[in-house]
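[1] here you go, sequence then predicted model.
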Amino acid sequence: MDGLIKELELRISILEDENASLWGMLDELRKSDVANFQEALQKAHDQLVLNRLLIKMPTDSSIN
């Protein structure tokens with residue numbers, strides 16, 4: 001019986017380590033996704049600002 005309990009405790013310990021490792025991997029994936037999304041959002045914002053600036057610029061015909 002003691003041998004079985006020790007074996008189960010070992011298996012539990014291994015599973016707890018694997019669980020912690022997987023949560024760490026998920027956290028890294030989330031951080032990576034957020035970073036990628038922020039980069040895409042910044043590019044879209046920059047493009048929007050550029051487009052608005054270009055719309056407001058006078059053309060040759062409006063100068064005369």
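    In hand now; what should we look at?
[2] CA only for contacts and neighbour counts going forward, please
    Fine.
[3] and Leu54, how many residues sit next to it?
    Neighbours of Leu54 under the rule other CA atoms under 10 Å: 11.
[4] now find how far off-centre the helix or strand harbouring it is within its chain.
    Secondary-structure assignment from DSSP states H and E places Leu54 in helix 2-56. In terms of CA atoms, centre = their mean, to the nearest Å, the centre of helix 2-56 is set 6 Å apart from its chain centre.
[5] helices or strands up against that helix?
    Applying 3 or more CA pairs under 8 Å, 6 or more residues apart in numbering; DSSP states H and E, we find helix 2-56 packed against no helix or strand.
[6] that one - what's its average pLDDT?
    Regarding helix 2-56, the rounded mean pLDDT is 91.
[7] Phe58 in helix, strand or coil?
    Quick fix: residue 58 reads Pro, not Phe. Here Pro58 is recorded as coil under DSSP: H, G, I helix; E, B strand; the rest coil.
[8] what's the burial count for it?
    By the measure other CA under 10 Å, the count of residues near Pro58 is 9.
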